[in-house]
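Enquirer: Have a look; sequence and predicted model below, questions after that.
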Amino acid sequence: MGIFNIFSREKKETLDAGLEKTKTSVFAKLGKAIAGKSKVDDEVLDELEEVLISSDVGVNTTLKIIERIEQRVARDKYLGTDELNRLLKEEIAALLEESQSGTGSEFSIPAMEQPYVIMVVGVNGVGKTTTIGKLAYQFRKSGKSVLLGAADTFRAAAVDQLKIWSKRAEVPIVEQGMGADPASVAFDTLQSAVRQQSDVVLIDTAGRLHNKINLMNELSKIRRVMDKVIPGAPHEVLLVLDGSTGQNAVEQARQFTKATEVSSLALTKIDGTAKGGVVIGISDEFKIPVKYIGVGEGMEHLQVFNKYEFVDSLFSESQR
């Protein structure tokens, strides 16, 4: 694994398995694209462009990658198709290097004298509440005291679902039931966090309101109320996206970044799709760090996103 062997074998194997559908799809398509070809020419590059777009890397990001490979082909005249995997791996890694700051492999938060508050946003059905539960478990496992706030009070099952996750993760929860004022729940949660000297607070929010204006107003109200209790809160706004929806996830990111100031991303359900390339496109387009990826249903299957580990796993089949 070269420089990537700093990561635990177990985590690496989980990530490899989670990206299996994407890898199989990409390499199968790539194999067809270069069949019978000996060198990287315009025809091969056109085929490669189609492979990347169909893997939900996104048009703009795909064109960047193709342009970079074209420049290398022009510089090194005799590049063969057997080197295409290496070129692709290097250029995707370079692209992520520019847009993705995170290289960690552990669940951590900045050192603070007050609770670190994460407001979690995202539409219903993307795995938002599940991600909160898994995050709570991982933070607790790493030695942090965690408190959950059930501020998604518009959906009947949301509060109950978060209560179930609080039990699984063995962390406390503040809730007022369905129909309660979300800002009031957030206020009470942060007050409790200050009293209990919690390390991390995870605030669940409504997945969808009637329109973008309602969503913006609700999230803004929650932020203002939290800032009154803990100045500067929320310290992080985490947008959860369903990676299996491909370009729909990109559109959701576009809408939520307009509605509120998103500072980090979590992409779920990567293991169930051949559209894992969306991680590359979203990272490149929005310049917002992809902080977590979900590669399975288990508590341990939410991983801290690491660009080196991700690219190595994505192309590990070429090294077998």
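Expert: On my side now, so go ahead. It should be emphasised that the depicted structure is a prediction, and the values quoted were computed from it without experimental measurement.
Enquirer: List the beta-bridge partners for the most centrally placed residue in the chain.
Expert: The residue lying closest to the centre of the chain (C-alpha atoms, centre = their mean) is residue 266, at 2.5 Å. Using DSSP bridges, the bridge partners assigned to residue 266 are residue 240, residue 292.
Enquirer: can you count the residues close to residue 298?
Expert: 11 (other C-beta atoms under 10 Å). Any C-beta I mention is one placed from the backbone N, CA and C, and that applies to glycine too.
Enquirer: Let me fix that, I meant to ask about residue 25.
Expert: 18.
Enquirer: secondary structure class for the closest residue in space to it that isn't next to it in sequence?
Expert: In space, residue 25 comes closest to residue 274 once its chain neighbours are excluded; the distance is 3.7 Å by C-beta to C-beta, 6 or more residues apart in numbering. State at residue 274, reduced to three classes by DSSP: H, G, I helix; E, B strand; the rest coil: coil.
Enquirer: in the stretch 101-250 of the chain, which spans are helices?
Expert: With helices called from DSSP state H, counting those that start in this stretch, the stretch 101-250 of the chain shows them at 128-141, 156-169, 182-196, 212-229, 247-259.
Enquirer: highest average neighbour count across these?
Expert: Highest mean neighbour count among those (mean count of other C-beta atoms under 10 Å): helix 128-141, with a mean of 23.
Enquirer: which other helices and strands contact that one?
Expert: strand 116-121, strand 146-150, helix 156-169, strand 200-204, strand 264-268, strand 290-294, strand 302-304 (3 or more C-beta pairs under 8 Å, 6 or more residues apart in numbering; DSSP states H and E).
Enquirer: TSV please, covering those and showing distance to residue 258.
Expert: Formatted as TSV, those follow (distance: least, C-beta to C-beta, whole Å):
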stretch	distance to residue 258
strand 116-121	12
strand 146-150	24
helix 156-169	23
strand 200-204	20
strand 264-268	15
strand 290-294	19
strand 302-304	26
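Enquirer: between those, which gets nearest to residue 80?
Expert: If you check each of these against residue 80 by C-beta to C-beta, strand 290-294 wins as the nearest, at 32.5 Å.
Enquirer: what about the protein, any weak spots by pLDDT?
Expert: Counting by pLDDT under 70, the ranges of the chain that qualify are 1-8, 77-79, 81, 100-105, 209-211, 317-320.
Enquirer: Break it down into its domains, please.
Expert: Here the chain is described, according to automatic domain parsing, as comprising the domains 8-102, 116-306.
Enquirer: what's the first-to-last distance across the last one?
Expert: Yep, that's domain 116-306 we're talking about. From the first residue to the last, domain 116-306 extends over 22 Å; the measure is C-alpha to C-alpha, to the nearest Å.
Enquirer: on that earlier part again, output the helices of the stretch 101-250 of the chain as TSV; include the columns distance to residue 16.
Expert: Shown next, in TSV, are the helices of the stretch 101-250 of the chain (distance: least, C-beta to C-beta, whole Å):
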stretch	distance to residue 16
helix 128-141	19
helix 156-169	26
helix 182-196	37
helix 212-229	37
helix 247-259	22
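Enquirer: what about those helices, which gets the closest to residue 86?
Expert: Residue 86 lies closest to helix 247-259 among these, at 27.5 Å (C-beta to C-beta).
Enquirer: quick one on the thing from earlier: could you say which of the domains of the chain is packed most deeply?
Expert: Highest mean neighbour count among the domains of the chain (mean count of other C-beta under 10 Å): domain 116-306, with a mean of 20.
Enquirer: what distance separates that one from the centre of its chain?
Expert: Once both centres are worked out by C-alpha atoms, centre = their mean, to the nearest Å, domain 116-306 turns out to sit 11 Å from its chain's centre.
Enquirer: from what I can see the residue nearest to residue 25 touches residue 19, true?
Expert: No. Between residue 274 and residue 19 there is no contact, the gap being 9.7 Å when judged by C-beta atoms under 8 Å.
Enquirer: and residue 234, what does it touch?
Expert: For residue 234, the set of contacting residues under the criterion of C-beta atoms under 8 Å, 6 or more residues apart in numbering consists of 117, 118, 119, 203, 223, 226.
Enquirer: which of the residues you listed sit farthest apart?
Expert: Of all pairs in the contacts of residue 234, the most separated under C-beta to C-beta is 118 and 223 at 12.3 Å.
Enquirer: With distance to residue 254 as added columns, please give the contacts of residue 234 in a markdown table.
Expert: Supplementary listing: the contacts of residue 234 in a markdown table, determined by distance: C-beta to C-beta, whole Å:
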| residue | distance to residue 254 |
| --- | --- |
| 117 | 25 |
| 118 | 21 |
| 119 | 19 |
| 203 | 23 |
| 223 | 20 |
| 226 | 25 |
